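1. Structural data only, the sequence is not supplied:
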């Protein structure tokens, strides 16, 4: 962001002045409230570092983890892949500093709380292996393993590393239009100064040539005795500015942009030696990357777009499918394959399976498998109408078994609560189950569309997609209800006219519950504004039924998968613009309605790898692929194959908190794979 970061406060004041001038007082008060509660701290690195250290000083583990996760979602997830290792090392050091500070201040209870809460997450990382003995060491500051981290030099180097890294992150973030004006002004001023400098150079060069010419003419006149003083005086006048120099180009080529400021200094060079195994990367390490997020953003902006299309109108669909749509007026960019056809190159080993277990409490084929946000509970259902909720740590153990009287058609966990599970049924019933307290809340959607098709929860809102029964010659129509997640009462509904009578098959909220991406059975993807209760964007994404949709981590793109086995990645800011596409799955299973989600997918925490169903009717297999975002990238086969079933895989999920994958199969079992990230 360069100097634009320093313009944030000035821009905020300008926006306030404009709102006041227009008389938008309600908007002004809302804006001032948002600014006061700004978690980004105005993009000021000092304030962000101080906020992190405030949480450490007050031993607020919840606040520290929440604020760090906010930084990761808001900024770190948008960086190039080369920054991933630096982010991971900084996360390691932030947590270690929390533990060290608690020990130094005699807060043993906070140390115990940290390991009790974080053990399940940290045990997969070898860097924490020796740290689990710290609560039992009497003087850890003198222990060979920990003494480095109790020194002032380590703290100062870590602080400098964090400060430099955040500076580099903000420097590489793509600018919004308003903030780009600031950089444009600086660039224009530099270009103006260069033009003036070139103008002065041209004049000086011309003056020197004119003076040399006038001196030669004067010498000739004096030597010849003819003498024409008027000519000589005129030439001298020309040399002092009386005659214009040759014309110059008033639009010179813009100067090359100045190199980014080097935010590292001498203290950062010795960081690796000081931090030991922590290995925090400095800004000097990060600046070595030549590709930045702004590069890809510029490429997307350079692509032609159809400016006459309204954001609320759906682009006309063709018979050519997503690939041919990309060549039409609404596509705007060419499609680059994530997994292009051809002979795959040798995949890099990224993951390895640390442990593989099998859950075999079901007696019928598995239809659904979903893990809670923190990986505490897993919910699985089978065709016999049995729902089981079980945990994987310390051993596979069934916590709750429900015999469902009605066919289960939707299942979703509350991402903010590890124990709240929402169930949707074919008869219009909606149920909330609290696994910890064993309490249930029942609700029901209006009878006009009694079949629940999809559920998604975020905060206090539960999105519920419903469908009519339909009949012979009468296709089913769909509606979208927004329910109160606590009481399960309908708060708002979208009419059939607004919803285009499509049956929603999958939902996903953005981070603040203002936008909801909806995948429909007719292949349409729609983005819904929860605040205004209207759809703001829709496009034909697939020719087949959409099985799953999901916002990317940075919420700039939307992933969608369909029943034909393809996965598409769409630009969320340009209507119907595909970013990348994967080919069809190796085998598209012909399954019954109970297995309608067989083609779903799951991503890792950085959206770099995708877990997909690659099974055949006789062999159950799921594979992890690395996503490819450019055509020049070589085709790489699966980085990991997850085997263990005797029949086809029907559902899957990936818990990024514990790095654990789950696959359900028609062999009545669920396989659990605990992964380790090698690179």
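-> It's in. All of these numbers come straight from a predicted model, not from anything done at the bench. Numbering: from 1, shown residues only.

2. In the stretch 501-650 of the chain, what residue spans correspond to strands?
-> 504-509, 515-520, 524-529, 534-540, 546-551, 557-562, 567-571, 577-581, 601-603, 609-613, 620-626, 640-645, 649-655 (DSSP state E, counting those that start in this stretch).

3. and the helix or strand containing residue 673 with strand 620-626, angle?
-> Using DSSP states H and E, the element containing residue 673 is strand 670-677. Going by axes from the mean of the first three to the mean of the last three Cα atoms, to 10 degrees, strand 670-677 is angled at 20 degrees with respect to strand 620-626.

4. buried ones in stretch 106-119?
-> Neighbour counts over stretch 106-119 (16 or more other Cβ atoms under 10 Å) mark 110, 111, 114, 118 as buried. C-beta: built from backbone N, CA, C; applies to glycine.

5. Mind putting those residues into TSV with pLDDT, distance to residue 58 and secondary structure?
-> TSV is the format used below for the buried residues of stretch 106-119 (pLDDT from 0 to 100; distance: Cβ to Cβ, whole Å; DSSP: H, G, I helix; E, B strand; the rest coil):
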residue	pLDDT	distance to residue 58	secondary structure
110	89	10	helix
111	89	15	helix
114	89	14	helix
118	86	18	helix
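
6. about what we covered before: among the strands of the stretch 501-650 of the chain, show the one with the smallest mean pLDDT.
-> For those, the weakest mean pLDDT is recorded on strand 577-581, namely a mean of 64.

7. Starting from residue 381, give me the distance back to the closest residue to residue 382 other than its chain neighbours.
-> In space, and not counting its chain neighbours, residue 382 is closest to residue 364: 4.0 Å by Cβ to Cβ, 6 or more residues apart in numbering. For residue 364, the distance to residue 381 equals 9 Å [Cβ to Cβ, to the nearest Å].

8. Which one's more surrounded, the two?
-> residue 381 (25 against 14; other Cβ atoms under 10 Å).

9. Please confirm that that one is located within a helix.
-> No. In this structure, residue 381 is strand, not part of a helix, as judged by DSSP: H, G, I helix; E, B strand; the rest coil.

10. these two touch, right, it and residue 410?
-> No. Counting by Cβ atoms under 8 Å, residue 410 is not a contact partner of residue 381; they are 10.5 Å apart.

11. Could you list the low-confidence segments of the stretch 301-450 of the chain?
-> Confidence mapping of the stretch 301-450 of the chain against pLDDT under 70 gives the ranges 301-348.

12. would you list every one of the strands in it?
-> According to DSSP E, counting those that start in this stretch, the strands that the stretch 301-450 of the chain contains are 336-337, 351-359, 366-371, 378-382, 386-391, 397-403, 408-413, 420-425, 429-434, 439-444.

13. Give me the distance from the fourth one to the chain's centre.
-> Its chain's C-alpha centre and that of strand 378-382 lie 28 Å apart, by Cα atoms, centre = their mean, to the nearest Å.

14. heads up, I number from 124, so please use that
-> Done: numbering now begins at 124, and the last item shifts to strand 501-505.

15. Who are the packing partners of it?
-> Applying 3 or more Cβ pairs under 8 Å, 6 or more residues apart in numbering; DSSP states H and E, one finds that strand 501-505 contacts strand 489-494, strand 509-514, strand 531-536, strand 793-800.

16. Need those in JSON lines (columns: distance to residue 294 and mean neighbour count).
-> Below are the helices and strands packed on strand 501-505 laid out as JSON lines (distance: least, Cβ to Cβ, whole Å; neighbours: other Cβ atoms under 10 Å):
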{"stretch": "strand 489-494", "distance to residue 294": "37", "mean neighbour count": "25"}
{"stretch": "strand 509-514", "distance to residue 294": "44", "mean neighbour count": "18"}
{"stretch": "strand 531-536", "distance to residue 294": "37", "mean neighbour count": "23"}
{"stretch": "strand 793-800", "distance to residue 294": "27", "mean neighbour count": "21"}
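
17. Now mean neighbour count and distance to residue 550 too, for the strands of the stretch 624-773 of the chain, in JSON lines please.
-> Formatted as JSON lines, the strands of the stretch 624-773 of the chain follow (neighbours: other Cβ atoms under 10 Å; distance: least, Cβ to Cβ, whole Å):
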{"stretch": "strand 627-632", "mean neighbour count": "24", "distance to residue 550": "18"}
{"stretch": "strand 638-643", "mean neighbour count": "25", "distance to residue 550": "22"}
{"stretch": "strand 647-652", "mean neighbour count": "21", "distance to residue 550": "25"}
{"stretch": "strand 657-663", "mean neighbour count": "19", "distance to residue 550": "28"}
{"stretch": "strand 669-674", "mean neighbour count": "23", "distance to residue 550": "23"}
{"stretch": "strand 680-685", "mean neighbour count": "25", "distance to residue 550": "27"}
{"stretch": "strand 690-694", "mean neighbour count": "23", "distance to residue 550": "32"}
{"stretch": "strand 700-704", "mean neighbour count": "22", "distance to residue 550": "38"}
{"stretch": "strand 724-726", "mean neighbour count": "20", "distance to residue 550": "29"}
{"stretch": "strand 732-736", "mean neighbour count": "23", "distance to residue 550": "29"}
{"stretch": "strand 743-749", "mean neighbour count": "23", "distance to residue 550": "31"}
{"stretch": "strand 763-768", "mean neighbour count": "20", "distance to residue 550": "31"}
{"stretch": "strand 772-778", "mean neighbour count": "25", "distance to residue 550": "22"}
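
18. now do the same end-to-end measure for stretch 528-541.
-> With Cα to Cα, to the nearest Å as the measure, the ends of stretch 528-541 fall 25 Å from one another.

19. do stretch 673-690 as well
-> 11 Å.

20. roughly how far out does it sit from the chain middle?
-> Centroid displacement of stretch 673-690 relative to its chain, using Cα atoms, centre = their mean, is 12 Å.

21. rewinding a little: now the strands of the stretch 624-773 of the chain in TSV, please, with extra columns for distance to residue 187.
-> Output for the strands of the stretch 624-773 of the chain, formatted as TSV (distance: least, Cβ to Cβ, whole Å):
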stretch	distance to residue 187
strand 627-632	25
strand 638-643	28
strand 647-652	33
strand 657-663	36
strand 669-674	25
strand 680-685	29
strand 690-694	33
strand 700-704	34
strand 724-726	25
strand 732-736	27
strand 743-749	31
strand 763-768	32
strand 772-778	22
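
22. just so I know, which of those strands lies nearest residue 296?
-> strand 680-685 (16.4 Å; Cβ to Cβ).

23. what's next to that closest one, contact-wise?
-> Identification of contacts with strand 680-685 by Cβ atoms under 8 Å, 6 or more residues apart in numbering yields 640, 642, 646, 648, 650, 664-675, 690-695, 702, 722-724, 726, 730.

24. want to throw the buried residues of stretch 229-242 into JSON lines with distance to residue 191?
-> JSON lines is the format used below for the buried residues of stretch 229-242 (distance: Cβ to Cβ, whole Å):
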{"residue": "233", "distance to residue 191": "17"}
{"residue": "234", "distance to residue 191": "19"}
{"residue": "237", "distance to residue 191": "14"}
{"residue": "241", "distance to residue 191": "12"}
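
25. which one of those residues is nearest residue 654?
-> Comparing those against residue 654 with Cβ to Cβ places residue 241 closest, at 35.7 Å.

26. Tell me who's in contact with the closest residue to the closest one other than its chain neighbours.
-> Nearest residue to residue 241, sequence neighbours excluded (Cβ to Cβ, 6+ apart): residue 218, at 7.2 Å. Neighbouring residues of residue 218 by Cβ under 8 Å, 6+ apart: 237, 241, 245.

27. The strand holding residue 796 pairs with which strands, and in what direction?
-> strand 474-482 (antiparallel), strand 783-788 (antiparallel) (DSSP bridges).

28. for the record, mean pLDDT for the shortest one?
-> For strand 783-788, the per-residue pLDDT values average out at 94.

29. and that strand, how far out from the chain's middle?
-> Offset of strand 783-788 from its chain centre (Cα atoms, centre = their mean): 24 Å.
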